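Novice: give me a 3D structure for the following:
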Amino acid sequence: MIAFTCAPSIPDTYAPLRGALSEAEIAEAAAWGYVGNIDPGSTVDNRASFGRDGNPPWRDRLFLTWLRYVFENFDRIRQPMGAVEEICLECRGGPLELDRGMPRLASMIAGAAASEPRSDDERLEAKSFLEPYYAQACRLLGSKPQS
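Specialist: Numbering: from 1, shown residues only. The predicted structure is shown next:
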């Protein structure tokens, strides 16, 4: 079990969440603290995960939606690379289809929280690194990336 310090909850009003999970799955994700009405720029509440024993069938769809949310709110999240690292750890790296033709995101992002981008150029470089994974997550969810 990990305690989150970087990854914000996905707001229950986030439209792609409604397309990826059913109402029952969103309610279950909210019970675990993955979904909630939290500003992405706010401090994370150190909530704990469902750990290794919990493996709901919607985990991969949650991972893809969460990755999408973090990418789309990259500039508002205090530690965006740490957030991606946490969701990779929590969701066991997500579905294998995410990385098809690319290095495994979970391997590439390990330790990212220790070297968060500090300058605008570093943030742009980090976001550019995540962009192909974001685009693939959108494709796997059957949606289009934001422009």
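
Novice: ranges for the strands of this structure?
Specialist: Along the chain, no segments are classed as strands by DSSP state E.

Novice: pLDDT below threshold where in it?
Specialist: Counting by pLDDT under 70, the chain shows low-confidence ranges at 1-3, 42-55.

Novice: all helices of it, in order?
Specialist: Secondary structure of the chain (DSSP state H): helices located at 15-20, 23-31, 59-72, 80-90, 105-109, 120-140.

Novice: switch those over to TSV; also include distance to Thr5 and mean neighbour count.
Specialist: Every C-beta, even on glycine, is put in place using the N, C-alpha and C of the backbone. Listed next are those as TSV, based on distance: least, CB to CB, whole Å; neighbours: other CB atoms under 10 Å:
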stretch	distance to Thr5	mean neighbour count
helix 15-20	22	17
helix 23-31	19	15
helix 59-72	14	24
helix 80-90	7	24
helix 105-109	15	18
helix 120-140	18	16
